[in-house]
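Participant: Give me a 3D structure for the following:
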Amino acid sequence: QAGDKELLALLNEGLAIVKANGTYQQLYNQWFDFMQKDQQQNKILSVLLFSSILLLFLLTVLSYLWKKTLTQKISEKTKLILDNQHIYEAFFENTQSANIIYQTTDNGQTFVFKKINKAFENIEGMNRAELIGKAVHEVFKGAESSGIFEYFRNVYRTDQPCDMPTTLFQYNNKEVWRKN
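Facilitator: Got it, this is the predicted structure:
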């Protein structure tokens, strides 16, 4: 009851005795120690959770920065490739030498015209639009005897450029000297 000083003194004296002889600690350990352990575990879990969230946040930020950097580098490289492509195309188209790009789809047995420049049209008197996609041996009938297709196949197999010496080409009832 509130205000009962005698009862309070008795309780305090009893509490002092059980604390002094270790009974209080035994009872506390038996009935309340788990709460203290739970609090420690909760602190550890809180620290681990906070650390995990912080690590996840840092990884997210780093991933974002990495993606942004990669995107920027890809954009720069793409622009460089496009700029170089325009330079190459302008050079290819406007050079005074006849230039042709061939393509094969049957491992070097047949070569077709892929790209032809203006100089070729002027030198040969042929329209490139009519040649693109056609097989070289069909357009230049008789050119096989010059050995040019062996040079084409060698370039195809080795992926290395090579020069064919100036050679007399006989095709389409024509005879012309060409260097390839």
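
Participant: and after the longest helix along the chain, which helix or strand comes next?
Facilitator: With secondary structure taken from DSSP state H, the chain has its longest helix at helix 33-94. With elements assigned by DSSP states H and E, the helix or strand that comes after helix 33-94 is strand 100-103.

Participant: Within the helices and strands, which one has residue 169?
Facilitator: Under the criterion of DSSP H and E, residue 169 resides in strand 167-171.

Participant: Could you give me the buried positions within that strand?
Facilitator: Buried residues in strand 167-171, counted by 16 or more other Cβ atoms under 10 Å: 167, 169, 171. (C-beta placed from N, C-alpha, C; glycine too.)

Participant: tilt between the worst-scoring helix or strand of the chain on mean pLDDT and helix 33-94?
Facilitator: Using mean pLDDT, DSSP states H and E, the weakest-scoring helix or strand in the chain turns out to be helix 23-31, at a mean of 81. On the basis of axes from the mean of the first three to the mean of the last three Cα atoms, to 10 degrees, helix 23-31 is oriented at 50 degrees to helix 33-94.

Participant: What helices and strands are in contact with helix 23-31?
Facilitator: When contacts are defined as 3 or more Cβ pairs under 8 Å, 6 or more residues apart in numbering; DSSP states H and E, helix 23-31 packs onto helix 5-20.

Participant: As PDB, could you dump the C-alpha coordinates of the helix it packs on?
Facilitator: The C-alpha coordinates for helix 5-20 follow below in PDB (Å, rounded to 0.1, in the frame of the first residue of the first chain):
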ATOM      1  CA  LYS A   5       7.000   3.000   5.300                       C
ATOM      2  CA  GLU A   6       7.200  -0.100   7.500                       C
ATOM      3  CA  LEU A   7       6.400  -2.500   4.700                       C
ATOM      4  CA  LEU A   8       8.700  -0.600   2.400                       C
ATOM      5  CA  ALA A   9      11.600  -1.000   4.900                       C
ATOM      6  CA  LEU A  10      10.900  -4.700   5.300                       C
ATOM      7  CA  LEU A  11      10.900  -5.200   1.500                       C
ATOM      8  CA  ASN A  12      14.100  -3.200   1.100                       C
ATOM      9  CA  GLU A  13      15.800  -5.300   3.900                       C
ATOM     10  CA  GLY A  14      14.600  -8.600   2.200                       C
ATOM     11  CA  LEU A  15      15.800  -7.400  -1.100                       C
ATOM     12  CA  ALA A  16      19.200  -6.500   0.400                       C
ATOM     13  CA  ILE A  17      19.500 -10.000   1.900                       C
ATOM     14  CA  VAL A  18      18.700 -11.800  -1.400                       C
ATOM     15  CA  LYS A  19      21.100  -9.600  -3.300                       C
ATOM     16  CA  ALA A  20      23.800 -10.200  -0.700                       C
END
